[in-house]
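[1] fold the following for me, if possible:
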Amino acid sequence: MTLALITAKQVIVLFILIFSGFICVKTGAVKIEGRKAFSDLLVYFVVPCMIINSYLTEFDDNIFKNILYALGLSILLLVVGFAITFLLSFKLKGDNVPIVRFGCMFSNAAYMGFPLIQALFGSEGLIYASAFVTAFNIFLWTLGYSIVSRTFDLKAIVKKIFTTPAIISVFIGLLIFIAGIPLPDIISQPISYAAAINTPLSMFITGMIIAASPIKNMFNNKLVYFAIIVRMFIIPVVCIAIFKIFNISGMVADVVIILEACPCASISSVFAVQFGYDEDVAADGGAYYIYKHNNTAGGGTYYNYINIMIPGAKGLKLCEFAHILGLLPQHHIINMC
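    Next comes the predicted model:
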């Protein structure tokens, strides 16, 4: 069976899981308020366990070389994505251009990509995926953060990088893998069991998000179309063409291509609020993590939290996160939370 057919089959499986979350919310079997607890569980426990579990294998020189190879290819594709974004957005005007550029540059690799990689390539594929996420997070908290914040705070950047759960778990996994540290079954089995729920849990949460989102309002801004076309079409096509030209193929290449081709990073919505951009542009360009409603009683417009997949945010509600950053006054917090 070709990779295309296997991928199509796995995508159908993932959509069934997404539909399960959608139905559970729509029928009232699961309350939408539970998405915060599910998201926290995924980000701070399941994904780290999944990454560590992928490294629980006997040290192999070829795998280690492939990890370095994956890191190199990841850096290449990320830089290509950055270059394409800046070239195509060079003439864009408006206050929201930085957040649109950020959305084009960074994919939702861990949240959307990891389940697909796990389904297609198993534990070995996840090892190479962790290399991509390492490069991804370093770029995100340096170049990406500087773009949206229009500042450069080295101390804050270093702190973000080294407190990201995915990065911490990569370091732990690499240590176990390189040093050949044997873990007793009483430790490795719980890690393996937790890792196994990554795909169903992440897809279930996605279904919950879709069930609570006003889909008809997602595409009212032209910048959203720009971000989607660049992120979901132009960047993947160019990256695939580069690999074809230089005859780069194999599992490592497939893994990094898939992760780079994922939708816009969900953290775009958080940065939009943090730095005063249009939240709708950031949210619509990705997985629509925020939805807006009018408060007819108070006459104001408020943004309701759906889901935040931001390392280090401790699963805060978006309104709480914004308030901590001094972006929203207390009376708005009362109405929003």
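[2] for the particular helix or strand that has Ile147 in it, output the C-alpha coordinates as CSV.
    Per DSSP states H and E: Ile147 is located in helix 145-149. Provided in CSV are the C-alpha atoms of helix 145-149 (Å, rounded to 0.1, in the frame of the first residue of the first chain):
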residue,chain,number,x,y,z
TYR,A,145,8.2,36.0,19.3
SER,A,146,10.3,38.9,18.1
ILE,A,147,8.1,39.4,15.0
VAL,A,148,4.8,39.6,16.9
SER,A,149,6.2,41.5,19.9
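[3] elements contacting that helix?
    Here helix 145-149 touches helix 97-105, helix 154-162, helix 267-274, going by 3 or more Cβ pairs under 8 Å, 6 or more residues apart in numbering; DSSP states H and E. Quick note: C-beta positions are derived from backbone N, CA and C, even for glycine.
[4] just so I know, which of those helices lies nearest Phe246?
    Closest of the helices and strands packed on helix 145-149 to Phe246 is helix 97-105, at 22.2 Å (criterion: Cβ to Cβ).
[5] immediately after that closest one, which helix or strand?
    Per DSSP H and E, helix 97-105 leads on to helix 114-139 as the next helix or strand towards the C-terminus.
[6] which among the helices and strands packed on helix 145-149 is found nearest to Arg231?
    Nearest of the helices and strands packed on helix 145-149 to Arg231, taken as Cβ to Cβ: helix 97-105 at 5.0 Å.
[7] residues touching Phe59, list them.
    177-178, 180 (Cβ atoms under 8 Å, 6 or more residues apart in numbering).
[8] mind listing the strands for this structure?
    For the chain, strands defined by DSSP state E occupy the ranges 290-295, 300-305.
[9] avg pLDDT for the first one?
    To tie it back to what came earlier, the one meant is strand 290-295. Strand 290-295 carries an average pLDDT of 34.
[10] got it, and stretch 131-141?
    Mean predicted lDDT for stretch 131-141 stands at 91.
[11] and that stretch, how far from the chain's centre?
    11 Å (Cα atoms, centre = their mean, to the nearest Å).
[12] okay, the contacts of Phe59 in CSV with distance to Asp254 and neighbour count next?
    Listed next are these as CSV, based on distance: Cβ to Cβ, whole Å; neighbours: other Cβ atoms under 10 Å:
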residue, distance to Asp254, neighbour count
Phe177, 21, 21
Ile178, 24, 12
Gly180, 28, 8
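[13] so which of the residues you listed sit within helices?
    177-178 (DSSP state H).
[14] out of the contacts of Phe59, who's nearest Gly276?
    Of the contacts of Phe59, the one sitting nearest to Gly276 (Cβ to Cβ) turns out to be Phe177, at 42.8 Å.
[15] so the closest one touches Thr57, yeah?
    Yes: counting by Cβ atoms under 8 Å, Phe177 touches Thr57, with 7.0 Å between them.
[16] can you give me the buried ones in the top helix by length along the chain?
    Identified as the longest helix of the chain according to DSSP H is helix 61-88. Neighbour-count burial for helix 61-88 flags 66-67, 69-71, 73-78, 80-82, 84-85, 88 (criterion: 16 or more other Cβ atoms under 10 Å).
[17] check stretch 12-26 too.
    The neighbour-count criterion (16+ other Cβ under 10 Å) identifies 13-14, 17-22, 24-25 as the buried residues of stretch 12-26.
[18] how about stretch 198-209?
    Going by neighbour count (16+ other Cβ under 10 Å), the buried part of stretch 198-209 is 198-199, 201-209.
[19] export these as JSON lines, with columns for distance to Leu41.
    JSON lines is the format used below for those (distance: Cβ to Cβ, whole Å):
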{"residue": "Asn198", "distance to Leu41": "10"}
{"residue": "Thr199", "distance to Leu41": "14"}
{"residue": "Leu201", "distance to Leu41": "7"}
{"residue": "Ser202", "distance to Leu41": "10"}
{"residue": "Met203", "distance to Leu41": "14"}
{"residue": "Phe204", "distance to Leu41": "11"}
{"residue": "Ile205", "distance to Leu41": "9"}
{"residue": "Thr206", "distance to Leu41": "14"}
{"residue": "Gly207", "distance to Leu41": "16"}
{"residue": "Met208", "distance to Leu41": "13"}
{"residue": "Ile209", "distance to Leu41": "15"}
